[in-house]
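Engineer: Mind folding the following:
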Amino acid sequence: MRLCTYLFFTLFALNPEVNAQSGCTDPLATNFNASATSNDGSCLYPVTNYSPVLQSELSNDLKEISGLVLAGARWWGHNDSGFDEEFFRVEPQTGNVPQKIELKNAKNRDWEDIAFEAQNLYIGDFGNNTNDRQNLGIYIVPLSAIGNSNSETVQEFEWNFLPFSYIDQTNYAQQPEDSSVYDCEAMIVLEGKVHLFTKSRRNYNTVHYTVNTSNNVADKIETFDCKGLITGASLSPDGKLIALVGYDLRPFIPTVFCWLLWDWPAGTDQFFAGNKRRIELGTALQIGQVESIGFATDRAAYLSNERTDFNGITIVDESIWGVDFSAWVPETVSANEPGQHAEAFTISPNPFSQTVRFQWNTNEKPDFLSIKNQLGQTVLTLKEVPDTLELGFLPRGHYLFETWRDGQQIGWAKGLKQ
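Structural biologist: Down below sits the predicted model:
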């Protein structure tokens, strides 16, 4: 063998990036690739329907609620345009609004979303229905400026305002609402950076921007065909899951949906380069016009809808709804988790058709096993875990095997039923 050929094959074998294979690493996806070691964002998912659970009807103070967030162990919400410069403490389980906070000398031109990070609330005044606003910005309110009385005022010297303009907007002429592309109703804050997700009535997509605080410009990051109008965003407490809610006005009865984003490339702002799963939440006649979402835990959240009226008749009251995403996004979302888990296990054969054999990497077996299908639904649970298991009754598809001991997940494996 020539020296150059020898060196090539040696380097190939020693370089893990050369041997790595990218693909869909989510076992719940229809195109799951068991050989993939890195996620390329190509995962496809079946149509997934979920019915949010009604938690409460809101006070009339928030009949056009447009933002909802958990901050300082309390929930906060606000209305959009046409209301005073104030936001409210909210109790999702009861719908009560025990506290009102005024922002002194602020202006609610069109407040559309609220976020929280590092002891600060961020209130987005960036609603832009006709594309002509040149006074977009974000109010930054420290939690420490909010007292405990029923009615509080945050003075002008206590809050800050972050103005911005879109880097690619050059025309500020007024446009019809069905042609708007620079409207925005969704925001998260991650590691001090403000992320915006636009609501385009012209294209039914969303554009992801980040606000550059050095020049007050919203830089364009990526575009995603969300097939709807994005009206709210939230980041999970662990920083690994983003939820975007919205609705689609094109069907005869408008529908409501949520996009889940996770496992995007580490160290980047390319949120749409990871997994993207759409959850259908029903129609606007069922849960109203959903305008906001806020995570309560790493995988569960609350939705809020504004009041829906027609010809003076209330169709859906302003309400809070509960949603649980744990069936589709695990607590740990790293693509390489099975190989890294200290007590991971393997199944064989894989793919399987009838009998599955478990190979444990520890002398102590788990005390609980669950199997989920590609919809995230649990199809089997066992409190006594055998070494072999008959699974011929399962339909073809991808499955996720999870093992537990003393209430803690200790490993998981991916399987394909043929």
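Engineer: got the CA positions of stretch 54-62 in CSV?
Structural biologist: The C-alpha trace of stretch 54-62 is given here as CSV (Å, rounded to 0.1, in the frame of the first residue of the first chain):
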residue,chain,number,x,y,z
LEU,A,54,-59.1,24.1,30.1
GLN,A,55,-57.7,25.5,33.3
SER,A,56,-59.7,28.7,33.9
GLU,A,57,-61.6,31.6,32.4
LEU,A,58,-59.7,34.8,32.8
SER,A,59,-60.8,38.0,34.4
ASN,A,60,-62.3,40.7,32.1
ASP,A,61,-59.1,42.7,32.7
LEU,A,62,-57.4,40.4,30.2
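Engineer: so after the worst-scoring helix or strand of the chain on mean pLDDT, what's the next helix or strand?
Structural biologist: Every helix and strand of the chain was ranked by mean pLDDT, DSSP states H and E. The lowest is helix 337-340, at a mean of 36. With elements assigned by DSSP states H and E, the helix or strand that comes after helix 337-340 is strand 345-348.
Engineer: For that following strand, which strands pair with it and how are they oriented?
Structural biologist: strand 355-360 (antiparallel) (DSSP bridges).
Engineer: Report the buried residues of the strand it pairs with.
Structural biologist: Of all the residues in strand 355-360, those buried under the rule 16 or more other C-beta atoms under 10 Å are V356, F358, W360. C-betas here are computed from N, CA, C, even on glycine.
Engineer: Run a quick neighbour tally on the closest residue to A145 other than its chain neighbours.
Structural biologist: Setting aside the residues directly before and after it, A145 is nearest to E158 in space (C-beta to C-beta, 6 or more residues apart in numbering), at 4.2 Å. Other residues within reach of E158 by the criterion other C-beta atoms under 10 Å amount to 14.
Engineer: pretty sure E158 is in a strand, no?
Structural biologist: No: if the criterion is DSSP: H, G, I helix; E, B strand; the rest coil, then E158 is coil and not within a strand.
Engineer: Show the contacting residues for it.
Structural biologist: Counting by C-beta atoms under 8 Å, 6 or more residues apart in numbering, E158 touches V141, P142, A145.
Engineer: about what we covered before: a markdown table for the buried residues of strand 355-360, including distance to T255 and pLDDT?
Structural biologist: Putting the buried residues of strand 355-360 into a markdown table (distance: C-beta to C-beta, whole Å; pLDDT from 0 to 100) gives the following:
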| residue | distance to T255 | pLDDT |
| --- | --- | --- |
| V356 | 38 | 91 |
| F358 | 42 | 87 |
| W360 | 45 | 80 |
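Engineer: Closest one to I347 out of the residues you listed, please.
Structural biologist: V356 (5.1 Å; C-beta to C-beta).
Engineer: give me every residue that touches the closest one.
Structural biologist: I347, S348, P349, T388, L389, L391, G415.
Engineer: Looking at those residues, which is nearest G322?
Structural biologist: Using C-beta to C-beta, these come closest to G322 at G415, 31.1 Å.
Engineer: How much space separates I140 from G274?
Structural biologist: If you measure I140 against G274 using C-beta to C-beta, to the nearest Å, the figure is 28 Å.
Engineer: The two: who's more crowded?
Structural biologist: For I140 versus G274, neighbours defined as other C-beta under 10 Å are more numerous around G274 (22 against 15).
Engineer: neighbours around the closest residue to the more buried one other than its chain neighbours, how many?
Structural biologist: Spatial nearest neighbour of G274, chain neighbours left out: W264 (3.3 Å); criterion: C-beta to C-beta, 6+ apart. Here the count is done by other C-beta under 10 Å, and W264 has 20 residues near it.
Engineer: Domain ranges for the chain, per the record?
Structural biologist: Annotated domains of the chain cover 3-38+334-417, 48-324 [automatic domain parsing].
Engineer: right, so those domains: which one is the most enclosed?
Structural biologist: domain 48-324 (a mean of 18; mean count of other C-beta atoms under 10 Å).
Engineer: quick check: mean pLDDT across that one?
Structural biologist: Mean pLDDT, domain 48-324: 95.
Engineer: A strand includes G127, no?
Structural biologist: No: G127 is assigned coil when assessed by three-state DSSP, not a strand.
Engineer: Pick out the residue nearest the middle of this structure.
Structural biologist: A243 (1.6 Å; C-alpha atoms, centre = their mean).
Engineer: what are the bridge partners for that one, then?
Structural biologist: Bridge pairing for A243 - DSSP bridges - gives S234, L260.
Engineer: okay but it is in contact with A233, surely?
Structural biologist: Yes: counting by C-beta atoms under 8 Å, A243 touches A233, with 6.9 Å between them.
Engineer: which residues are common contacts for these two?
Structural biologist: I293.
Engineer: Could you list which residues are in contact with the spatially closest residue to V211 that is not a sequence neighbour?
Structural biologist: In space, V211 comes closest to V194 once its chain neighbours are excluded; the distance is 4.2 Å by C-beta to C-beta, 6+ apart. Listed by C-beta under 8 Å, 6+ apart, the contact partners of V194 are A115, Y122, I138, L162, M187, I188, T210, V211.
Engineer: now for the helix or strand harbouring L121, which elements pack on it?
Structural biologist: Taking DSSP H and E as the definition, one finds L121 inside strand 120-125. Applying 3 or more C-beta pairs under 8 Å, 6 or more residues apart in numbering; DSSP states H and E, we find strand 120-125 packed against strand 65-71, strand 111-117, strand 137-142, strand 183-190.
Engineer: now that strand, how far from the centre of its chain.
Structural biologist: Distance of strand 120-125 from its chain centroid, counting by C-alpha atoms, centre = their mean, to the nearest Å, is 18 Å.
Engineer: Parallel or antiparallel, list what pairs with that strand.
Structural biologist: By DSSP bridges, strand 120-125 pairs with strand 111-117 (antiparallel), strand 137-142 (antiparallel).
Engineer: Whichever helix or strand comes after the last one pairs with which strands, parallel or anti?
Structural biologist: Just to be clear, that refers to strand 137-142. Using DSSP H and E, the next helix or strand after strand 137-142 towards the C-terminus is strand 151-154. Using DSSP bridges, the strands paired with strand 151-154 are strand 96-103 (parallel).
Engineer: Show residues contacting the strand it pairs with.
Structural biologist: 58-59, 61-62, 84-91, 123, 139, 141, 146, 148-154, 159.
Engineer: between that strand and strand 65-71, how many degrees?
Structural biologist: 100 degrees (axes from the mean of the first three to the mean of the last three C-alpha atoms, to 10 degrees).
Engineer: Going forward, the N-terminal residue is numbered 850.
Structural biologist: In the new count, where the first residue is 850, that last one comes out as strand 945-952.
Engineer: Dump strand 945-952 to CSV, keeping only the CA atoms.
Structural biologist: Once non-C-alpha atoms are left out, strand 945-952 reads as follows in CSV (Å, rounded to 0.1, in the frame of the first residue of the first chain):
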residue,chain,number,x,y,z
ASN,A,945,-57.8,35.6,39.0
VAL,A,946,-55.8,38.8,38.4
PRO,A,947,-54.6,39.9,41.8
GLN,A,948,-52.2,42.6,40.7
LYS,A,949,-52.0,45.4,38.1
ILE,A,950,-48.7,47.1,37.2
GLU,A,951,-48.6,50.4,35.4
LEU,A,952,-45.5,51.4,33.3
